[in-house]
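Peer 1: mind folding the following:
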Amino acid sequence: MSAQTLTQIKHDPGAVSSHGEGRCEDCPIRYRAVCAHCETDELALLEGIKFYRSYEPGQTIVWGGDRMDFVASVVTGVATLTQTLEDGRTQMVGLLLPSDFLGRPGRERATYNAVATTRVVLCCFRRKAFDDILREVPHLSHRLLEMTLDELDAAREWMLLLGRKSAREKIASFIAIIARREAALNGRSLDSRSEIDLPLTREAMADYLGLTLETVSRQVNALKRDGVIELVGKRGVVLPDFARLVEESGDDADGGWIA
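Peer 2: Residues are numbered from 1 along each chain as shown. Sure, this is the predicted structure:
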């Protein structure tokens, strides 16, 4: 381990050397993260400035308004993004799933609170060093733009979900979103029977979807009773027919809203 890495860990106790987590080529989010389009020499630049951090369920990754000296890709796990109002109320505004990007280049302070809901591993880059590389590596800046536009599309779809869909459609949409992300990350098809783990408790789902806990439980049980889903353990969900779930969500096969 280099002197530079030792110094990094000394000043940042939460940091774990990248040498302990493997190379970029072996990363499970290699072709979906911000580095997806990078070539070998560009990956070498990122290897030189990266480190890993892990967080346990319920642990805060960053508070909104705090100085954030790194940006990061979610390697494994799920985190929530929340915003706290002046009167102390907190609203969940988004989820961070594997391959999602946390932080903004050129921005010193975090906009939202980020809290781990499962064990989370982040691949982190020092913000200043990342900003410098971003100006030199077109593949990196282009991929970041792609991800930002995807995030904008997702936010617009979520506005539609919260404003126009019924409680049953909201629950079905949420499950479908998680299923699509897991399938894309793992290279699986949703054409056949599949199983996923929901990243949120029912209480957190209620907060995220703008519903009450009772409504979430009632609609989940209704989807189970109607054969749309099957429940396994606390958060496991089996999807016998993904097309049926999509139909219940009010979306078409590609996830778009059916007018």
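
Peer 1: enumerate every residue touching the spatially closest residue to residue 62 that is not a sequence neighbour.
Peer 2: What sits nearest to residue 62 in space, not counting adjacent residues and going by C-beta to C-beta, 6 or more residues apart in numbering, is residue 110, at 4.5 Å. (C-beta placed from N, C-alpha, C; glycine too.) The contact partners of residue 110, taken as C-beta atoms under 8 Å, 6 or more residues apart in numbering, are 62, 63, 64, 65, 66, 68, 103.

Peer 1: surely the fourth one is in contact with residue 109?
Peer 2: Yes. With contact taken as C-beta atoms under 8 Å, residue 65 and residue 109 are classed as touching, separated by 5.8 Å.

Peer 1: separation between the residue nearest to residue 62 and residue 133?
Peer 2: Going from residue 110 to residue 133 by C-beta to C-beta, to the nearest Å gives 21 Å.

Peer 1: same check on residue 178?
Peer 2: The gap separating residue 178 from residue 133 is 32 Å, by C-beta to C-beta.

Peer 1: report the buried residues of the lengthiest helix in the chain.
Peer 2: Among the segments of the chain that qualify as a helix by DSSP state H, the longest is helix 138-164. By neighbour count on 16 or more other C-beta atoms under 10 Å, the buried set for helix 138-164 is 140, 141, 143, 144, 147, 157, 158, 161.

Peer 1: can you check stretch 219-232 too?
Peer 2: For stretch 219-232, by 16+ other C-beta under 10 Å, it's 219, 220, 223, 228, 229.

Peer 1: can I get these in CSV with distance to residue 211, pLDDT and secondary structure?
Peer 2: As requested, those are exported to CSV (distance: C-beta to C-beta, whole Å; pLDDT from 0 to 100; DSSP: H, G, I helix; E, B strand; the rest coil):
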residue, distance to residue 211, pLDDT, secondary structure
219, 8, 97, helix
220, 11, 96, helix
223, 14, 97, helix
228, 17, 96, coil
229, 17, 96, coil
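
Peer 1: got these as JSON lines, with distance to residue 80 columns?
Peer 2: Shown next, in JSON lines, are the buried residues of stretch 219-232 (distance: C-beta to C-beta, whole Å):
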{"residue": "219", "distance to residue 80": "21"}
{"residue": "220", "distance to residue 80": "19"}
{"residue": "223", "distance to residue 80": "23"}
{"residue": "228", "distance to residue 80": "25"}
{"residue": "229", "distance to residue 80": "22"}
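
Peer 1: quick check: of the residues you listed, which lies closest to residue 200?
Peer 2: The shortest gap between residue 200 and any of the buried residues of stretch 219-232 belongs to residue 220, at 11.8 Å (C-beta to C-beta).

Peer 1: grab the nearest non-local neighbour of that closest one.
Peer 2: Nearest non-adjacent residue to residue 220, counting by C-beta to C-beta, 6+ apart: residue 171, 6.1 Å away.

Peer 1: give me the nearest residue to residue 97, chain neighbours excluded.
Peer 2: Residue nearest to residue 97 in three dimensions, not counting chain neighbours: residue 181, with 5.2 Å by C-beta to C-beta, 6+ apart.

Peer 1: which SS class is that neighbour?
Peer 2: What DSSP: H, G, I helix; E, B strand; the rest coil gives for residue 181 is helix.

Peer 1: quick check: it vs residue 33, distance?
Peer 2: Counting by C-beta to C-beta, the gap from residue 181 to residue 33 is 13 Å.
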